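S.K.: Turn this into a structure:
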Amino acid sequence: MENTPNIKGLNLEGVKVKLTAQKIKVNKKLQITNTKIYAYGNAISGYNISNIVKYEASITL
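M.R.: The predicted structure follows:
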């Protein structure tokens, strides 16, 4: 069972955030298409949620 992030009402289109299947597209540094903003957890696309926590911790150090 996968959690679906609640991203409604965040005006993501207004700050030009790209979405894929209700998840936020990020780069390797977890920056969204507006590189001043980061996303993490089950809201991001392209990563397996079981491995993302370890990856997020590794890039924040």
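
S.K.: hmm, which helix or strand of the protein has the shakiest average pLDDT?
M.R.: For the chain, the helix or strand with the lowest mean confidence is helix 49-60, at a mean of 75 (criterion: mean pLDDT, DSSP states H and E).

S.K.: Just the buried positions in it, please.
M.R.: Residues of helix 49-60 classed as buried: I52 (neighbour count, 16 or more other C-beta atoms under 10 Å). In this view, the C-beta of every residue, glycine as well, is placed from N, C-alpha and C.

S.K.: got the contact list for it?
M.R.: Here helix 49-60 makes contact (C-beta atoms under 8 Å, 6 or more residues apart in numbering) with 2-3, 28-30, 40-42, 44, 47.

S.K.: centre of the chain versus it, how much separation?
M.R.: From the chain centre to the centre of helix 49-60 is a distance of 12 Å (C-alpha atoms, centre = their mean, to the nearest Å).
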